[in-house]
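Novice: how does the following fold in three dimensions:
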Amino acid sequence: MGRVVVAGSINMDVVATAERHPRVGETVAGRSVMYFPGGKGANQAVSAAKLGAPTSLIGRLGSDAFGEQLRAFLADQGIDLAAVKDSSAASTGTAIITLANADNTIVVIPGSNAEVSSDDAAQIALRAGDVAVSQFEIPQATIAAFFQRAKAAGATTILNPAPASAFAGGLYPLVDVLVLNETELGFLAGTELGDAPTPRQVIDAVRRLDPRPDQTVCVTLGARGAVAVRGGDARLVEGRAVKAVDTTGAGDCFVGALAARLSQGADIADAIAYANIAASISVQRMGAGPSMPTQEEVRAAL
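Specialist: Okay, here's the model as predicted:
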């Protein structure tokens, strides 16, 4: 069995709940404010670790109270933090989240995440069978260096291009599995997909990315499941009907679960179906990092 090695962001999520989201220039009364461990890198690492994969995280924390709390939380999840450094200059990354009717809006302040470097990514020796995971909340140059080392070692690479941003030169060819939602797909494909695109529209947009025959592009559709495209084959994974409480981190749960299953030797179709179930469990409770399901919970849902 391989390991999951995540190079990515670590944030404290400050979550404000309200009856509805404010319009531009408007103030609405909130119901509560909560603090949850988050950041796409940390969330994905927690997801993989709770699903039984040996997991390491590469990242940066500020030398502040949020940093101390996050390091303690991640250590409690059994994640190897040897490659998580403390920054002397920048504060810990923070996400300001508004939650209303189970949907969220998010503003991310990178803080120490912007300092994650190529040297940081070189701290863990990758090997064949490992799965290297990253997202766009750390510098793309760092991701490219990380994935170059992963490919040279025979590891599988998974990229979650969120928040949506154009690919830096040379990064896309290093990706084995691209996982993104409809908004990110529309941005990268240069097309308007709307709020609920059909599977055919999703597949057509994926084709605009011109993936290699050996690349897998997996588009998460929330409650509607996911569409996976590889070569000339496209597969729809049906969603699960659940009562969503908080969708924050659902995509990260999906990515972490996918990485865990691939590291355990599953094929891509099985891994995507497994990840879809894991994500459906995560939306039924509050928070990002703390909402990630265990192996036992996913097995019960299966």
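Novice: neighbours of Ala288, how many?
Specialist: 31 (other C-beta atoms under 10 Å). From N, CA and C alone the C-beta is placed, and that goes for glycine too.
Novice: and Ala75, by the same measure?
Specialist: Neighbour tally, Ala75, other C-beta under 10 Å: 12.
Novice: that one reaches Val84, doesn't it?
Specialist: No. The criterion here is C-beta atoms under 8 Å, and Ala75 misses it with Val84 at 9.5 Å.
Novice: ok, and the closest non-adjacent residue to the spatially most central residue of the chain?
Specialist: Nearest residue to the geometric centre of the chain (C-alpha atoms, centre = their mean): Asp252, 3.1 Å. Among residues not flanking Asp252 along the chain, Asn43 sits closest, at 3.5 Å (C-beta to C-beta, 6 or more residues apart in numbering).
Novice: need the three-state assignment for that neighbour.
Specialist: Classification of Asn43 using DSSP: H, G, I helix; E, B strand; the rest coil returns helix.
Novice: what sits against it?
Specialist: 249, 252-253, 256, 288-289, 292 (C-beta atoms under 8 Å, 6 or more residues apart in numbering).
Novice: go on, Ser9?
Specialist: 39-42, 59, 93, 108, 110, 113, 116, 135, 137-138.
Novice: so which one among those residues has the lowest pLDDT?
Specialist: Lowest pLDDT within these is found at Val108 (84).
Novice: how about the strands in the stretch 101-250 of the chain?
Specialist: 103-109, 131-135, 156-160, 177-181, 216-220, 225-230, 233-238 (DSSP state E, counting those that start in this stretch).
Novice: low-confidence bits of the stretch 101-250 of the chain, can you list those?
Specialist: Regions of the stretch 101-250 of the chain meeting the criterion pLDDT under 70 cover residues 241.
Novice: helices of that one, start to end?
Specialist: Residue ranges of the helices in the stretch 101-250 of the chain, as given by DSSP state H, counting those that start in this stretch, are 118-121, 140-153, 182-189, 199-208, 250-263.
Novice: out of the contacts of Ser9, which is nearest to Gly231?
Specialist: Gln135 (24.8 Å; C-beta to C-beta).
Novice: tell me the bridge partners for that closest one.
Specialist: Beta bridges link Gln135 to Asn160 when assigned by DSSP bridges.
Novice: and for it, the neighbour number?
Specialist: Counted with other C-beta under 10 Å, the neighbours of Gln135 add up to 25.
Novice: what sits against Cys253?
Specialist: Contacts of Cys253 (C-beta under 8 Å, 6+ apart): 43, 47, 275, 278-279, 281-282, 291-293.
Novice: turn the residues you listed into JSON lines, including distance to Val28, pLDDT and secondary structure.
Specialist: Formatted as JSON lines, these follow (distance: C-beta to C-beta, whole Å; pLDDT from 0 to 100; DSSP: H, G, I helix; E, B strand; the rest coil):
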{"residue": "Asn43", "distance to Val28": "27", "pLDDT": "94", "secondary structure": "helix"}
{"residue": "Ser47", "distance to Val28": "32", "pLDDT": "97", "secondary structure": "helix"}
{"residue": "Ala275", "distance to Val28": "34", "pLDDT": "93", "secondary structure": "helix"}
{"residue": "Ala278", "distance to Val28": "33", "pLDDT": "92", "secondary structure": "helix"}
{"residue": "Ala279", "distance to Val28": "29", "pLDDT": "89", "secondary structure": "helix"}
{"residue": "Ile281", "distance to Val28": "30", "pLDDT": "88", "secondary structure": "helix"}
{"residue": "Ser282", "distance to Val28": "26", "pLDDT": "87", "secondary structure": "helix"}
{"residue": "Ser291", "distance to Val28": "25", "pLDDT": "83", "secondary structure": "helix"}
{"residue": "Met292", "distance to Val28": "30", "pLDDT": "90", "secondary structure": "coil"}
{"residue": "Pro293", "distance to Val28": "32", "pLDDT": "87", "secondary structure": "coil"}
